[in-house]
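Colleague: Task: produce atomic coordinates for the following.
(one chain, ligands or ions: 2)
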Amino acid sequence: MRLAIHNWMRAETLESTLKRISALGYTHLEIQGAPEMYDTQEVKELLEKYGIQCWGSVTLMLEERNLLAKDPDQRKRSVQYVLDLAQMVKDLGGKVISLVPATVGKIIPDARPEEEWEWAVEGVKQVYEFTEANGLRIGIEPINRFETYFINRGDQALALAEAVGPNCGVCLDTFHMNIEEVDMFATMKRMGSRLVNFHVADNNRMAPGMGKLDWKRIMSTLAEIGYDETLSVEFCPPIDRTPANPYPNSIDEAPEGLSEEQLKFLQDHGSTAITEDFYSMLTQRSADLLKPYLS
Ligand code: LER
Ligand code: MN
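Modeller: Numbers count the residues shown, from 1 in each chain. Ligands and ions are numbered 1, 2, ... in the order given. Take a look at the predicted model:
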């Protein structure tokens, strides 16, 4: 098992992220799905400089990105976005795409369920053609009901993956599973070999180990189903603006380089911009908890 982390939580240079994570023992990066932001040649050089590999990328379903939008042009642009992201992953030598099909923060549907399902299958299939031809895997990711009304549980992601094709996979996330699954361990087992990526954060979306999830059991269940790929750290801390905040100075009041839509994306996750010290502490705590499980 290898250790990866995302970089969508904090607007900082890629070099700062890579420097921090390589010092803390991470070997992989799940790069944010922002192909428009990156020059792949430059990213490759930086990854090499810090001895980090690209594990894959996660879609940032912000603004109008939505594979099941009612408007066919919007769907087309959304598919193109995921294709651009897939091309970036291919160029960076990554393996997986964690795919959230609908806009994060959109919790009210505007079409019939049958229509949306058909559009989602059709959209993911177009990406699947590319990933199949290029040796990449898609992991459909269920996220909790406060971020989307579409695909909240592993079984729903599995149904979509099966409708797309034999190699289409699922990406599970411990934070979301803790909210939506009856039994996250049973869900992990049902995904079997369709499980292609695994996001880790605790029940409060702090670093693994800072909440109440049973990490021993999570890891032994992964071993039981033969998942020995990558653990991809994805904490996203809650905002605490009260005097009860146990982490004073955790909120970055004047974040540099954070666009309005990125801030809105963080807010749609119940979070906000966080300071470098707080972010580094969470990155470190995640590695401390997970390192004993790496092979
Ligand atoms: C992404 O991996 C995730 O877990 C979300 O909350 C949606 O962006
Ligand atoms: Mn996730």
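Colleague: could you give the mean pLDDT of stretch 210-221?
Modeller: Average pLDDT, stretch 210-221: 98.
Colleague: What parts of the stretch 151-295 of the chain come near ligand 2?
Modeller: Within the stretch 151-295 of the chain, the residues that sit near ligand 2 (C-beta under 5 Å from the ion) are 173, 199, 234. The C-beta positions use only the backbone N, C-alpha and C, and glycine is treated the same way.
Colleague: got TSV for those residues, with pLDDT too?
Modeller: Formatted as TSV, those follow (pLDDT from 0 to 100):
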residue	pLDDT
173	99
199	99
234	98
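Colleague: which of those come close to ligand 1?
Modeller: 173, 199, 234 (C-beta under 6 Å from any ligand atom).
Colleague: TSV please, covering those and showing neighbour count and secondary structure.
Modeller: Shown next, in TSV, are these (neighbours: other C-beta atoms under 10 Å; DSSP: H, G, I helix; E, B strand; the rest coil):
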residue	neighbour count	secondary structure
173	26	strand
199	25	strand
234	24	coil
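Colleague: Name the residues of the stretch 51-200 of the chain found near ligand 1, please.
Modeller: 58, 98, 100, 104, 141, 143, 147, 173, 199.
Colleague: sorry, back to before: which one of the residues of the stretch 151-295 of the chain next to ligand 2 is nearest to residue 186?
Modeller: Nearest to residue 186 among those: residue 173, at 16.1 Å, using C-beta to C-beta.
Colleague: what bridges to that closest one?
Modeller: Residue 173 has these beta-bridge partners by DSSP bridges: residue 199.
Colleague: For it, give me its contacts.
Modeller: 141-143, 198-201, 234 (C-beta atoms under 8 Å, 6 or more residues apart in numbering).
Colleague: Please convert the residues of the stretch 51-200 of the chain next to ligand 1 to CSV, extending it with secondary structure.
Modeller: CSV is the format used below for those (DSSP: H, G, I helix; E, B strand; the rest coil):
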residue, secondary structure
58, strand
98, strand
100, coil
104, coil
141, coil
143, coil
147, coil
173, strand
199, strand
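Colleague: Closest one to residue 213 out of those, please.
Modeller: Closest to residue 213, out of all of those and judged by C-beta to C-beta, is residue 173, at 11.6 Å.
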